[in-house]
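Visitor: sharing a sequence plus its predicted fold:
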Amino acid sequence: MIFLPKTLYDKLIAYAQSCYPKECCGYFLGKQNTQTLQNNVKEIFKVKNIHQNPEHFFTFCPNDQIKALQKAKKQDLDIIGIFHSHPFSQAYPSEEDLKYIDDDTKSYCIISLENQPNIACFRIGKEKIHKEIIKL
């Protein structure tokens, strides 16, 4: 389960819409309950997408990654997940997404702008995709 306050949920949708037609991306900063493994998002950290084809893929800007780590450390938070948008497809991990994700302790959220904007979150292990409940 991921706890994502409604204000941050709405900010993610707005951020994805502002980046359209390019994919947006970033980190979730927060804390994970070590007993329940619930991720509690306290803040979103936007990262510049530097991919050569940003309408269909994303690559984090390395400088922004360092800034996210520094901010998390300064605020005594952890990077508990990542997000990105799918401007033209559903909120489900693509084959390309799955190439790079294999840490099922992190929340992996996708913002779809196809039809009605929505967000879906997942825990992704080496061979398993588990849809995560979003608690607003």
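Guide: Looks like it came in fine. Residues are numbered from 1 along each chain as shown.
Visitor: run through the strands of the protein in chain order.
Guide: Ranges of strands in the chain, per DSSP state E, are 2-3, 25-32, 39-47, 78-86, 107-112, 118-124, 129-132, 134-135.
Visitor: the fourth one to strand 39-47, inter-axis angle?
Guide: I take that to be strand 78-86. Here the directions of strand 78-86 and strand 39-47 differ by 60 degrees (axes from the mean of the first three to the mean of the last three Cα atoms, to 10 degrees).
Visitor: and strand 78-86, average pLDDT?
Guide: Averaged across strand 78-86, pLDDT comes to 97.
Visitor: quick check: closest non-adjacent residue to the residue nearest the centre of the chain.
Guide: By Cα atoms, centre = their mean, the chain has its centre lying nearest to Phe83, at 1.3 Å. Excluding the flanking residues, the one nearest Phe83 by Cβ to Cβ, 6 or more residues apart in numbering is Cys109, at 4.3 Å. To be clear about C-beta, it is placed using only N, CA and C from the backbone, and glycine gets the same treatment.
Visitor: which residues does that neighbour contact?
Guide: Applying Cβ atoms under 8 Å, 6 or more residues apart in numbering, we find Cys109 in contact with 2, 4, 12, 28, 81-83, 119-122.
Visitor: tell me which of the strands of the chain approaches Lys99 most closely.
Guide: strand 118-124 (10.9 Å; Cβ to Cβ).
Visitor: same for the closest one, what does it pack against?
Guide: Helices and strands touching strand 118-124, by 3 or more Cβ pairs under 8 Å, 6 or more residues apart in numbering; DSSP states H and E, are helix 6-19, strand 107-112, strand 129-132, strand 134-135.
Visitor: which of those sits most buried?
Guide: Among those, strand 107-112 has the highest mean neighbour count (mean count of other Cβ atoms under 10 Å), at a mean of 24.
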